[in-house]
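> Build me a model from this:
(4 chains)
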2 protein chains.
Amino acid sequence: MRTKTPPPKADRRTAILDAAEAEFSAHGFDGVTLRTIAKRAGVDLALPNYYFGPKKQLFDAVFIRRAEIVNLWREEALKAAIEAASPQPPTVEAIIRAYLEPMLTGPHLEDQGWKNYYALVAYVNNSPGWGGRLMADHFDPLIRQFLDALRLALPGMDEKDLYWGYQCFSGALTLALAQTGRIDHLSGGVCRSDDLADACEHMVHFITGGFEAARRAAPAAVTAPPPKRRASKNS
Amino acid sequence: MRTKTPPPKADRRTAILDAAEAEFSAHGFDGVTLRTIAKRAGVDLALPNYYFGPKKQLFDAVFIRRAEIVNLWREEALKAAIEAASPQPPTVEAIIRAYLEPMLTGPHLEDQGWKNYYALVAYVNNSPGWGGRLMADHFDPLIRQFLDALRLALPGMDEKDLYWGYQCFSGALTLALAQTGRIDHLSGGVCRSDDLADACEHMVHFITGGFEAARRAAPAAVTAPPPKRRASKNS
DNA sequence: GTTCCGTTTCAACAGATGTTGAAAAATAGA
DNA sequence: TCTATTTTTCAACATCTGTTGAAACGGAAC
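This next block holds a predicted model:
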């Protein structure tokens, strides 16, 4: 009943990747069965294993497929921002835009596959354990390039502030990528979480302001500053 | 072999909740079996079902247990901030602190159960579908109180900017709650994702600056502003 | 045609999964 | 002590899970 159109003859490999992408992004790794993926792709149960090996390797293949593409986009955007501002370092806003816009704006967003992939990235980034390994292996090199650019754009910023700032940035982006629809419900329809371009434009300002405030507010605290505490709280 | 200490006689109910909390937060709903939970809690396989019904209801019970507590903490902190600033509205920073500090600072963090619960909240908040329902049912009322406070602290701010700002805020908090350890790896140990108090103090400045910049930068754009686009990008 | 090789199907496996009903044990009330 | 109620154990169920090996199919080379 859900067997889509009869399989398009060839191209079964990418049909499996697309189906797995949609299912994994919606239900997580353990919430998906190979039978569901095969049925959605319109192929036999044994075919995913034939092409990709065990389930975990199929998941990795889905994750890696578009990671390389989006990394190229972002690297190119960062280089362009640096070149456009040369010999000055680019502004914080220009760096944030180079980080976000290649992902969140552009005609590729009309492809539901890309939206599914972004939700998958959000899932991976929030998964403890093996999720961190996947993210680190495929995104850390590029992230370090952006951190280097931010160091130049924010002279005198403490390293700790920079990393915590990136953590905030990454969290905001991750939740946007997840497209959970929660902001739709909360805002009564004013904001739509599937409008990634809108999310992008607002994030640019918010995150830029966050980084600049984080540098300004640096209280030269060395370790963990204990703020005011309430009277009691049960353990 | 993993049967912990012999069951502490009574208190099997909370032993099941604790075990389920630890397992669900680490592996998600579908990544956990009732047998794993029962073994970790040191009880019989059939006992979780006896107390909580089917698996999904056990998950909900885990989620709800501490939600009510943390909501009370945060509501109390917001009221205190409002009262302390009266008759003026509290500052943005005071509101952000009231939102974050009850969760992220205090002696309850020495209880690993609370850290597990926070990771569970992060998991739920990033789960599409049923996750959003759980969050909305148990956290939206309090969130609306904070949004009301922010409206007073940020006069003239556009509603859309406010909601997208909260989305950034929520994303940053969610990733902090997840404690994935990714920031540890990325920063080479400078930041530790299990140091929630440190994350809190940095988030306060970053998010406060983000909200204030979001108000400042409001370009009176009506819908989705299409920023500059690169030459071509495959679909 | 015949052979060969990459692809696809089919059927089945061994094990795990959520759930349940009935028996057994513990607890409380009289 | 006997009874009634709650709690715990045990064993099993029907179903689903990832994976695999062998057979069947496809088309191209000879």
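
> From now on I want contacts and neighbour counts done on CA atoms only, so please keep to that.
Fine.

> And residue A:53, its phi and psi?
With angles defined as degrees, to the nearest 10, residue A:53 sits at phi 80, psi -160.

> Any idea how many residues pack against it?
Counted with other Cα atoms under 10 Å in any protein chain shown, the neighbours of residue A:53 add up to 12.

> What residues does it make contact with?
By Cα atoms under 8 Å, 6 or more residues apart in numbering or on different chains, residue A:53 lies in contact with nothing.

> Next one: residue A:144 from DNA strand C, what distance?
With distances taken as Cα to the nearest atom of the strand, to the nearest Å, residue A:144 is found 38 Å from DNA strand C.

> Quick check: which element contains that residue?
Here residue A:144 sits within helix A:130-153, counting by DSSP states H and E.

> Tell me the helices and strands packed up against the helix or strand following that helix.
Downstream of helix A:130-153, the next assigned helix or strand under DSSP H and E is helix A:159-178. Contact here means 3 or more Cα pairs under 8 Å, 6 or more residues apart in numbering or on different chains; DSSP states H and E; on that basis helix A:159-178 packs against helix A:112-125, helix A:196-216, helix B:159-178, helix B:182-187, helix B:196-217.

> okay, now the closest residue to residue A:146 other than its chain neighbours: neighbour count?
Excluding its sequence neighbours, the residue lying closest to residue A:146 (Cα to Cα, 6 or more residues apart in numbering or on different chains) is residue A:95, at 7.1 Å. The local packing of residue A:95 (other Cα under 10 Å) involves 23 other residues.

> list the contacts for residue A:95?
Residues in contact with residue A:95 (Cα under 8 Å, 6+ apart) are A:78, A:81, A:146, A:149-150.

> wait, which of the residues you listed is closest to DNA strand D?
residue A:146 (36.6 Å; Cα to the nearest atom of the strand).

> contacting residues around the closest residue to residue A:178 other than its chain neighbours?
The spatially closest residue to residue A:178, leaving aside those adjacent along the chain, is residue A:119, at 4.2 Å (Cα to Cα, 6+ apart). With contacts defined as Cα under 8 Å, 6+ apart, the neighbours of residue A:119 are A:25-26, A:177-179.

> How about residue A:44?
Residues near residue A:44 by Cα under 8 Å, 6+ apart: residue A:38.

> for the residue in chain A that DNA strand C sits nearest to, helix, strand, or coil?
Nearest residue of chain A to DNA strand C (Cα to the nearest atom of the strand) works out as residue A:44 at 3.8 Å. Of the three states, residue A:44 takes coil according to DSSP: H, G, I helix; E, B strand; the rest coil.

> quick one: which of the helices and strands packed on helix A:159-178 is nearest residue A:104?
Ranking the helices and strands packed on helix A:159-178 by their distance to residue A:104 (criterion: Cα to Cα) puts helix A:196-216 first, at 5.4 Å.

> Any residue of that closest one touching chain B?
Yes: residues of helix A:196-216 contacting chain B under Cα under 8 Å from any Cα of the partner chain: A:197-199, A:201-203, A:205-214.

> relative orientation of that helix and helix A:159-178 in degrees?
Angle, helix A:196-216 to helix A:159-178, by axes from the mean of the first three to the mean of the last three Cα atoms, to 10 degrees: 170 degrees.

> For helix A:196-216, buried residues please.
Residues A:196-215 are the ones in helix A:196-216 that count as buried (16 or more other Cα atoms under 10 Å in any protein chain shown).

> on that earlier part again, quick check: pLDDT value at the residue nearest to residue A:146.
Note on residue A:95: pLDDT of 98.

> What backbone torsions are found at residue A:157?
Per degrees, to the nearest 10, the backbone of residue A:157 is at phi -70, psi 140.

> residues contacting the closest residue to it other than its chain neighbours?
Excluding its sequence neighbours, the residue lying closest to residue A:157 (Cα to Cα, 6+ apart) is residue A:215, at 5.2 Å. The contact partners of residue A:215, taken as Cα under 8 Å, 6+ apart, are A:154, A:156-158, A:161.

> Just the buried residues from the residues you listed, in ChimeraX please.
The following ChimeraX line selects those of these that are buried, judged by 16+ other Cα under 10 Å:
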select /A:154,157,161
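
> Now flag whichever of the contacts of residue A:215 is closest to chain B.
Taking Cα to the nearest Cα as the measure, chain B sits nearest to residue A:161 out of these, at 6.8 Å.

> if I look at the closest one, how far off is residue B:33?
Relative to residue B:33, residue A:161 is positioned 40 Å away (Cα to Cα, to the nearest Å).

> How about the residues of chain A by DNA strand D?
By Cα under 7 Å from any atom of the strand, the residues of chain A that approach DNA strand D are A:30, A:32-35, A:45-46, A:49-50, A:53-56.

> Show me chain A divided up by domain.
A:12-52, A:65-216 (automatic domain parsing).

> Could you provide the ones you listed in JSON lines, with additional columns for distance to residue B:183?
Formatted as JSON lines, the domains of chain A follow (distance: least, Cα to Cα, whole Å):
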{"stretch": "domain A:12-52", "distance to residue B:183": "22"}
{"stretch": "domain A:65-216", "distance to residue B:183": "7"}
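
> looking at these, which is closest to residue B:138?
Between residue B:138 and those, the tightest spacing by Cα to Cα is seen for domain A:65-216, at 12.6 Å.

> chain center to the closest one, what's the gap?
Its chain's C-alpha centre and that of domain A:65-216 lie 7 Å apart, by Cα atoms, centre = their mean, to the nearest Å.

> Check the separation of the first and last residues in it.
40 Å.

> just stretch A:178-194 next, same as before
One end of stretch A:178-194 sits 9 Å from the other (Cα to Cα).

> Just the buried ones among the residues of chain A next to DNA strand D, please.
Those of the residues of chain A next to DNA strand D that meet the buried threshold are A:32, A:34, A:45, A:55, by 16+ other Cα under 10 Å.

> quick one: which of those residues sit in helices?
Judged by DSSP state H, helices contain the following of those: A:34, A:55.

> quick revisit: determine which two of the residues of chain A next to DNA strand D are furthest apart.
Within the residues of chain A next to DNA strand D, A:30 and A:50 form the most distant pair, 20.1 Å apart (Cα to Cα).

> Can you name the residues of chain A that neighbour DNA strand C?
Counting by Cα under 7 Å from any atom of the strand, the residues of chain A near DNA strand C are A:9-10, A:12-13, A:43-47, A:50.
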